[in-house]
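Trainee: Dropping the sequence and predicted coords here.
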Amino acid sequence: MFAMSGEDGDIAHRTYTFQIPTTWLQLSTTQAQQLTHLLKDPTTQQKLQVAVEKRVATEFKKHPNLPANEHFEVERLAQKSAIMQLLK
């Protein structure tokens, strides 16, 4: 069936495209490996947690009347931002 394509059973190139929810953090394989190594260090974990707490506190000071259902979103965005800063 594929003999006419000239590939003789070999695939020259294959591309996969995944669409992930915006709530997920998008990392390359290299970044994922780097993050795994970084998070093994308790000091790095603590720095990450402090950065997230600081960012969340700043957002709550800016928007004190933030609805309760948006608190989770603020924390998620703070985590995402802190992780990306850690990987730079």
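Mentor: Okay, I see it. Numbering: from 1, shown residues only.
Trainee: list the helices and strands the helix ranked longest in the chain packs on?
Mentor: Longest helix in the chain by number of residues (criterion: DSSP state H): helix 42-62. Counting contacts by 3 or more CB pairs under 8 Å, 6 or more residues apart in numbering; DSSP states H and E, helix 42-62 packs against helix 29-39, helix 71-87. Every residue, glycine included, has its C-beta placed from N, CA and C.
Trainee: Which stretch among those helices is buried most, on average?
Mentor: Compared across the helices and strands packed on helix 42-62, helix 71-87 shows the largest average neighbour count, a mean of 15 (mean count of other CB atoms under 10 Å).
Trainee: Point to the residue nearest the middle of this structure.
Mentor: Leu25 (2.2 Å; CA atoms, centre = their mean).
Trainee: OK, contacts around it?
Mentor: 80, 83-84 (CB atoms under 8 Å, 6 or more residues apart in numbering).
Trainee: what's the distance between Gln33 and Leu39?
Mentor: 11 Å (CB to CB, to the nearest Å).
Trainee: ok so, going back, want to throw the helices and strands packed on helix 42-62 into JSON lines with distance to Ala51?
Mentor: Formatted as JSON lines, the helices and strands packed on helix 42-62 follow (distance: least, CB to CB, whole Å):
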{"stretch": "helix 29-39", "distance to Ala51": "13"}
{"stretch": "helix 71-87", "distance to Ala51": "4"}
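Trainee: Identify whichever of these lies nearest to Pro21.
Mentor: For Pro21, the closest of those is helix 71-87, at 11.3 Å, according to CB to CB.
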